[in-house]
Each structure stands twice: as C-alpha cells, then as structure tokens.
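J.: starting from these lines, generate the structure:
(one chain, ligands or ions: 1)
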Amino acid sequence: MTLRETLPGELRSADVGREVRLAGWVARRRDHGGLIFIDLRDRSGIVQLTVDPSHAPEAHALAEQVRSEYVLAVGGVVLARSPETVNPNLPTGEVEVRIATLEILNRATTPPFEIESAEQVDVDETLRLRYRYLDLRRAPMLANLELRNAAVQAARAYLNANRFIEVETPYLTRSSPEGARDFLVPSRLQPHRFYALPQSPQMFKQILMLAGMDRYYQFARCFRDEDLRADRQPEHTQIDIETAFLTVPEIRGLLEGLMSAIFEGVGETPPATPLPRLSYDEAMRRYGTDKPDLRYGLEIVELSDTFAASGFKVFRAAVDGGGVVRAVRAPGGGSLSRAQIDRLTELAREHGAKGMAYVYVEEGRALRGPIVKFLAEAEQTALVEKVGGGPGDLVVFAADDAPVAAEVLGALRLALIDLLTPAPSCRWALLWVEEFPLFEIDAESGGLTYGHNPFSLPTEATMPLLESDPLAVRGAQYDLVLNGVELGSGSLRNHDAAVQRAILRALGMSDARIDEAFGWFLEALQYGAPPHGGIGLGFDRIVMLLAGADSIRDVIAFPKTSSGGDPMTGAPGAVTAEQLRELRLRLG
Ligand code: ASP
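T.: Purely as a prediction, here's the structure:
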C-alpha cells in the first residue's frame, strides 16, 4: 500500500468526508485525557490529526508513544472542525483528520531546539547549522528555500526565452585573478601542481563568447578564500551571464528584464524600468558610496563655495587645501541625544575624519550648535538655503579631501537613516551605478590594482588615458544595486588582445608574467573574439533581500560559519597520512 496519497497541508473544507492517507513528521502532540491530538507536518504544511481511543484503539495505543519529530503514516477521514475549534492561522484550520490507522515509520531523538515556534528560533546559529536538517524543517527556512527555487525557475525561464544557453564550466581550473585568494586543490596525477577553484567563471564565459555561444548563463558557484566578513561565504552562487555583440544599453535592457522576471517569480512587484542610473562619480558625490540606498533622501550637499572664505578655520582650511566641505541634512535629527551625536562623531573618525561639525536648525531658520558662532550671517543663510533645512533638523558636515568627505558622509548618512528610521520612499530601490574607475591604488603595495576585474574595457572617452593617467580611466562597467546592496558587477570586456595586454601591463605585470598566467587567454582573443560583455549577479544576496532575510546564510541550504566551517559535517576536516602521501604533500 502507498504510504501517502494526500499532502497534509493541502486539506481544506472541500475535502470533508474524504478518506486520506498522509505521512509526515509530528510537529506537536497533545494528550487530552483520552483524545490525542497530533499536528502532522510536511513540506506542504500542517494538519491536525485526532486519535480517539474508542474509535481506533490500536492507533491510539501507538499514538501514546509518539513524540515530536517521529515519522508517521496515517489513514483516516477528514472532518470539519466545530466552529469554536477552527484555527484561522492555519490554512488547514477548518478541518482535522480522524485517524483510523497509524504506523510509526521512524522514531526521533528529542531535537536540540524547538522546531515549531512561530518566531525565528532564538538559538545559537552554530547549533542550527550543526543540526541543519532540523533547522530546515522550520517553516521560515522552508519558505526561504521555496522562494529561492521560485527565483531560480523564473530566471531560467526568462533567460531561456531570450535565447541564452546554459553551459557548465569547470570547478577544477587554473587560478584566475579576481581579487580574492584562491582555494587550491592539489593534483595527484601531476604532483606539485594545483588546480584552483574558480572565483568566478570569468575567463571561461568570455571564451564561450569566442566560441560563438552568443548568450550564456549559468548558476555558477564561485569560491573565494577571503576572511569572512559578516555576510560573506567561501562559496556563493552567481547568475553568471555573458553576451556577444551587445551594447551596454542592450545588456542593461536584458538584465532589467531578468530582474523583473525574478521579482514577479517570487510575487513581488518589479521596480519600473528603465532603472535609474548614476555614474560612480555622481554616486560618490551624492551618497558617499558606490551602492547608494535610494529608498531614502538625505543627499550629500556640496558647500565648498559657501565656506571658501569662512571664518571657521576647519572649513576654510579644507577648501584652501584643495578639499571640500559637504553636509548631510537629517530631518528630525534634532531629537538625537548627546550620546548618539558622540557615536556619530566616533563613526566619522573611524572613516577618516578628524571630527564631526554639526548644527541644529531651529524655528525661523536660525542655527544652533558649537560651531555657529564661527559662521558669518551670510554663510548661515546660504547654508540653510542649500541644505533646505527646517526646524528640528540636524546638519552634519565633512571638511576634507573629496574621497574622505564622501566616505565619511556616506557612513554618517546610513547611520542617520538607521537612527531616525525615515519612511522609505519605495519598497525596492533598484539602480545602475556605472563607469567605475578601472584602476585603484592597492592599499598594500601602493601600486595599481583593478577595480572590478582586469578584463573590463575602458570607456571610449577615457581609453586614451590608459598610459598617461590610469587613475582617471573609467571602465565600461555597471553594478546593479538594490536597497543599498550591490547585487552584481559587470562590464564590457577587452576583445582586443593588445588592449588587454596594455591593461595587464598597467597593473604592473611583466610580459613574462602576463604570458605565463594569461598567454592562453590572450592567444584565444586573437582568433576572432567578438565584442562581448556580461555580469555576475550575486544570487544569494538577491534571494536574501527578496525573502527579507537578515543574512545570506538563511537562504543557503548548507552555509558555512564565519570561520569557514560546516558544524554539521565537520568540514574542513583532517585527512589521512596516506592521502597526503599520494598528493606528495607534507604538513608544515
Ligand atoms: N566575474 C565578475 C564577478 O565575479 C562578474 C562579471 O564581470 O561578469 O564579479
């Protein structure tokens, strides 16, 4: 006989009178002096079973042994609940199943944490990861994985409908420079040589364009051996995309369609398209970050002109030294406590400021605060005019070199949004940030490093600066940002081998090193590489935001802890001396 013919979570009042066979886990069992109630759970939901000793004595005897998380197969009839026992919080709440037969398919040890709690369980995350199979039985975690699946299916359907071809690329490959450390895999057949796990399939997807695939995608696992910050994982999933012969506007159009399809796939209204676009320079100037959260105003205001001749030395000195004076106005910020202002000042210092000047806006546009006495009347008027302040507002300043001022005010802006919780202007603020600097100064070496990856094409306008002023070169690059979170970066690539070599040289690589690491790739570019470009979208982050989850760990079935471990399997684990011998490795 089949164990299960019906899913418990699907029973409704229309099923009253039906004989059903169900299987699932015991979510809860209550013994009401004779009558036993069991909530039976599976992926479809929960239904209440009743086991009446006078109706089904054998089933009742077994039901007395049943505990949470036992696995049961039951048979019975669907009954309507009496009006006063209807549970409006449960989709199956109008019915229950009176059990005739009950079989215990398996017993369960008492779980280390409660699975049936309406709230997110307040248990140590390591414990949840150690018993991930129990954690995933919880409704919110199941909902996250269901939503993830809906997003995957919607993305695939859209990309397939747009002539994309899904191609798998290898996990065992050669180290490719994407800015992070590689995970290495020793080769047994070629001793002392190593594969690297891909940081992304970057060169492979470009090669696929050379190979004529035209439009490629893959749900690609990317491996990066980084120190794990709050929301990093050593492996993450990207919707990896590459296209040939398309201009940036055409690529944007396709990706906006993809995002809309994903939003719709999970039941969200997609943001209107075409999406807003900001250049990197403008984003830094107006929001102090390359991933602005546009749900909120609090834009950075340029005040260098206003204070160019100020009697307030801090402002004057910044402008005289080639720097800037900028400010953010926080509506209602006048309500912040002294301690909160101190914490904001501390934050400004952490981001490179020497301190934090601030003023309060009062009735009649008067200003109050420690620095006001240094500001001329005309400066005060111009300030209120420019920041648009009203009574009760707080204005915080940064007077520094432009990049420092941007960073400081970017951080203050987010902190003020956090503290004052202004109403967001929309649920989803999705936008493009474009034309990033192709190169950056590497903090460690002081030399040039790439901003995104070394394969991005310079914009036409800045290409001539490649040798003379590399830091002014902008890339034909675009990031997709949702609610202040970077979802992914992409670019047009260098399909001309000579330009690609020039960029690698600008990064300080000798021709010998270029040939060693990239010779095969530069050679490939010489066999008719079409113009091409794409993007890698951080799929875990997209799902996290759409699910309203706090962490990508909550939308990944089996994530790692912040020290890169898996408490369930114990990975990373020790290996035997024999395994090491075969690989010709000795532990230091
Ligand atoms: N490979 C890049 C990354 O992982 C994405 C891209 O440029 O397509 O960020």
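
J.: show me what residue of the stretch 401-550 of the chain gets nearest to the ligand.
T.: Closest to the ligand within the stretch 401-550 of the chain is Gly536: 3.0 Å, counting by CB to the nearest ligand atom. Every C-beta, even on glycine, is put in place using the N, C-alpha and C of the backbone.

J.: outside of the helix or strand harbouring that residue itself, which residues are in contact with it?
T.: Assigned by DSSP states H and E, Gly536 falls within strand 532-538. If you take CB atoms under 8 Å, 6 or more residues apart in numbering as the criterion, strand 532-538 is touched by 200, 202, 205-206, 209, 216, 220, 222, 236-246, 248, 251, 255, 457, 476, 478, 480, 486-493, 495.

J.: show the buried residues in those residues.
T.: With neighbours counted by 16 or more other CB atoms under 10 Å, the contacts of strand 532-538 contain buried members at 200, 202, 205-206, 209, 216, 220, 222, 236-244, 246, 248, 251, 255, 457, 476, 478, 480, 487-493, 495.

J.: could you list which of the contacts of strand 532-538 belong to helices?
T.: 202, 205-206, 209, 248, 251, 255 (DSSP state H).

J.: between these, which is closest to His55?
T.: Nearest to His55 among the ones in helices among the contacts of strand 532-538: Leu255, at 59.9 Å, using CB to CB.

J.: residues near Pro310, how many?
T.: You called it Pro, but residue 310 is Ser. Neighbours of Ser310 under the rule other CB atoms under 10 Å: 21.

J.: in contact with the residue nearest to it when sequence neighbours are not counted, which residues?
T.: Leaving aside its chain neighbours, Ser310 sits nearest to Arg316 (4.7 Å; criterion: CB to CB, 6 or more residues apart in numbering). Contact analysis of Arg316 by CB under 8 Å, 6+ apart lists 307-310.

J.: out of these, which touch the ligand?
T.: By CB under 6 Å from any ligand atom, no member of these lies near the ligand.

J.: can I get the buried part of those as one ChimeraX selection?
T.: In ChimeraX, a selection of the buried entries from these looks like this (16+ other CB under 10 Å):
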select :307,310
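
J.: which SS state does Ile503 fall under?
T.: Secondary structure, DSSP: H, G, I helix; E, B strand; the rest coil: Ile503 is helix.

J.: name the element the closest residue to it other than its chain neighbours belongs to?
T.: Spatial nearest neighbour of Ile503, excluding adjacent residues (CB to CB, 6+ apart): Pro454 at 6.0 Å. Assigned by DSSP H and E, Pro454 belongs to no helix or strand.

J.: for the residue nearest to Gly45 when sequence neighbours are not counted, what are its contacts?
T.: The shortest distance from Gly45 to any non-neighbouring residue, by CB to CB, 6+ apart, is to Gly9 (2.1 Å). Counting by CB under 8 Å, 6+ apart, Gly9 touches 42-47, 91-92.

J.: who wins for most neighbours among those residues?
T.: Compared across the contacts of Gly9, Val47 has the highest neighbour count, 29 neighbours, by other CB under 10 Å.

J.: correct me, but that one touches Val95?
T.: Yes - using CB atoms under 8 Å, Val47 makes contact with Val95 at a distance of 7.1 Å.

J.: so what sits against both of the two?
T.: Shared contacts of Val47 and Val95, counting by CB under 8 Å, 6+ apart, come down to Leu11.

J.: strands - which of the contacts of Gly9 land there?
T.: In this view, the contacts of Gly9 that belong to strands under DSSP state E are 42, 45-47.

J.: tabulate those residues (CSV), appending distance to the ligand and pLDDT.
T.: Conversion of the ones in strands among the contacts of Gly9 to CSV gives the following (distance: CB to the nearest ligand atom, whole Å; pLDDT from 0 to 100):
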residue, distance to the ligand, pLDDT
Asp42, 38, 96
Gly45, 38, 96
Ile46, 41, 96
Val47, 45, 98
